[in-house]
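A.B. asks: would you be able to build a 3D model of this:
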Amino acid sequence: MKLALFDIDGTILRSDGAGRHALHGALREEFGHVGPADHPFDGKTDRQIVRELMRLEGNDDAAIDRRMETVLARYLEVLHVELTTGGHEVTLLPGVLELLDALEQRSDVTLGLLTGNVAAGAAAKLAAVGIDVGRFAVGAYGSDHEHRPELPAIAQRRARERLGHSIEGERLVIIGDTPADVDCGRALGARAIAVATGRYGMAELASHGPAVVFPDLTDTAAVVHAIVRD
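C.D. replies: This next block holds a predicted model:
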């Protein structure tokens with residue numbers, strides 16, 4: 001059994017800045033400032049982004065920790081507005097539905113998510129492009145841990161609880177669009193498949209040593225083969 005763990009932003013969909021606008025709105029309400037407008041969010045957890053932005057504004061970690069849950073709760077409220085009436089063009093990326101359909105038909109693959117989004121934010125973004133989060137049997141989220149390299153082990157544990165048997169680290173396949181996606185599962189021996197549908201090009205992704213890099217997910221047969229091969 002392979003556990004295929006998909007990133008969301010830049011891999012499954014693009015939210016056209018809805019998440020950034022929502023987080024900035026929550027930070028402005030709680031802290032009075034949002035940090036650098038161009039600070040990169042790619043490959044990071046929501047908690048990590050909040051901490052980085054507020055450190056850059058001079059806040060210490062104790063102050064950030066005191067307000068973290070309030071910020072994230074407000075972020076989720078604003079995110080729902082941004083996704084529905086905020087004027088953002090939330091886009092499902094090419095080939096995603098065909099790939100999910102193909103993998104669901106296999107008995108040797110379990111679908112999962114591995115994303116820096118908090119769980120409720122992940123579900124909201126997926127719903128915005130017509131994907132039910134329930135399609136993914138396992139999830140590891142930014143609400144589970146602030147540091148992305150901790151998420152593969154969380155996904156592995158949840159897969160064991162859900163399936164009733166262990167999935168070894170080398171049976172984990174992480175599909176994502178950033179170097180952080182490629183790197184995060186190395187400690188477990190996970191295999192990474194990179195897709196250049198986010199901010200990073202194929203050459204830069206390849207320099208981090210994924211098993212394979214695709215320009216997008218439209219070649220369903222090739223991506224399935226990359227996931228299931230030993």
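A.B. asks: going forward, measure contacts between C-alpha atoms and count neighbours the same way
C.D. replies: OK.
A.B. asks: put the alpha carbons of stretch 141-156 into CSV.
C.D. replies: Provided in CSV are the C-alpha atoms of stretch 141-156 (Å, rounded to 0.1, in the frame of the first residue of the first chain):
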residue,chain,number,x,y,z
TYR,A,141,-2.2,19.7,8.6
GLY,A,142,-0.6,22.9,9.8
SER,A,143,-3.0,22.8,12.8
ASP,A,144,-1.2,19.6,13.9
HIS,A,145,2.3,21.0,14.0
GLU,A,146,4.0,24.3,13.2
HIS,A,147,6.9,22.7,11.5
ARG,A,148,6.2,21.0,8.2
PRO,A,149,8.9,18.2,8.6
GLU,A,150,6.8,16.9,11.5
LEU,A,151,3.7,16.3,9.3
PRO,A,152,4.8,13.1,7.4
ALA,A,153,5.1,11.2,10.7
ILE,A,154,1.7,12.4,11.7
ALA,A,155,0.2,11.3,8.4
GLN,A,156,1.9,7.9,8.8
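A.B. asks: so for that stretch, what's the average pLDDT?
C.D. replies: Taken as a whole, stretch 141-156 has an average pLDDT of 97.
A.B. asks: please apply the same query to stretch 177-190.
C.D. replies: The predicted model assigns stretch 177-190 a mean pLDDT of 96.
A.B. asks: same question, stretch 104-123
C.D. replies: Confidence for stretch 104-123, expressed as mean pLDDT, is 97.
A.B. asks: shaky segments in this structure?
C.D. replies: When the per-residue scores of the chain are filtered using pLDDT under 70, no range remains.
A.B. asks: can you do 90?
C.D. replies: Low-confidence segments of the chain, defined by pLDDT under 90, are located at 86, 163-166, 230.
A.B. asks: can you check which helix is longest in it?
C.D. replies: With DSSP state H setting the assignment, residue counts place helix 61-85 as the longest helix in the chain.
A.B. asks: report all helices and strands that it contacts.
C.D. replies: helix 18-31, helix 46-56, helix 119-128 (3 or more CA pairs under 8 Å, 6 or more residues apart in numbering; DSSP states H and E).
A.B. asks: residue contacts, the closest residue to residue 191 other than its chain neighbours?
C.D. replies: Closest residue in space to residue 191, ignoring its immediate chain neighbours: residue 173 at 4.8 Å, by CA to CA, 6 or more residues apart in numbering. If a contact means CA atoms under 8 Å, 6 or more residues apart in numbering, then residue 173 has 2-5, 190-193, 227 as its contacts.
A.B. asks: just those residues: which are in helices?
C.D. replies: Judged by DSSP H, the contacts of residue 173 include residue 227 as members of helices.
A.B. asks: I'd like to know which of the contacts of residue 173 is nearest to residue 23.
C.D. replies: Proximity of the contacts of residue 173 to residue 23 (CA to CA) peaks at residue 5, which lies at 24.7 Å.
A.B. asks: what about the closest one, neighbour count?
C.D. replies: Here the number of neighbours of residue 5 (other CA atoms under 10 Å) works out to 27.
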